[in-house]
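K.L.:
Build me a model:
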Amino acid sequence: MLVLTGTETPMPTPTMTVAPESVTPGFVGFAAIVIVLVAVVLLIWDMNRRIRKVRYREEVRAELDAEEAARSADEATETDADLPITREGDDPRRT
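P.N.:
Numbers count the residues shown, from 1 in each chain. Below you'll find the predicted structure:
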């Protein structure tokens, strides 16, 4: 209804009821933030170390698998090379 008459609603001016010094975090707040920051940095450092360790283990496992595959391929080639040379169609393993 006041909008239709064109009068403005009065706005009260805010006043401070609490002293500004008593609402600041102070040293306790600063110390808490520093402790949280140190904990986060240590957790990130530990996580990176663990991820790096897992990555290295996977690389070593892949290298060992490749060496084992190469060794079995060499053994298979050596056993075929040890067989006597015969005519085509003869299987030297049958004797």
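K.L.:
Off-centre distance for the helix or strand where Glu75 lies?
P.N.:
Assessed by DSSP states H and E, Glu75 sits inside helix 26-82. Relative to its chain's centre, helix 26-82 lies at 11 Å (Cα atoms, centre = their mean, to the nearest Å).
K.L.:
Give me the mean pLDDT for it.
P.N.:
Here helix 26-82 scores 90 as its mean pLDDT.
K.L.:
packing partners for it?
P.N.:
In terms of contacts (3 or more Cβ pairs under 8 Å, 6 or more residues apart in numbering; DSSP states H and E), helix 26-82 is packed against no helix or strand at all. For every residue, glycine as well, the C-beta is placed using N, CA and C.
K.L.:
Would you mind writing the CA trace of stretch 66-74 as PDB?
P.N.:
Provided in PDB are the C-alpha atoms of stretch 66-74 (Å, rounded to 0.1, in the frame of the first residue of the first chain):
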ATOM      1  CA  ALA A  66      58.700 -58.200 -20.500                       C
ATOM      2  CA  GLU A  67      62.000 -59.900 -19.500                       C
ATOM      3  CA  GLU A  68      60.100 -63.100 -18.700                       C
ATOM      4  CA  ALA A  69      58.300 -63.000 -22.000                       C
ATOM      5  CA  ALA A  70      61.600 -62.400 -23.800                       C
ATOM      6  CA  ARG A  71      63.300 -65.300 -21.900                       C
ATOM      7  CA  SER A  72      60.400 -67.700 -22.700                       C
ATOM      8  CA  ALA A  73      60.600 -66.600 -26.400                       C
ATOM      9  CA  ASP A  74      64.400 -67.300 -26.400                       C
END
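K.L.:
I appreciate the help and will end here.
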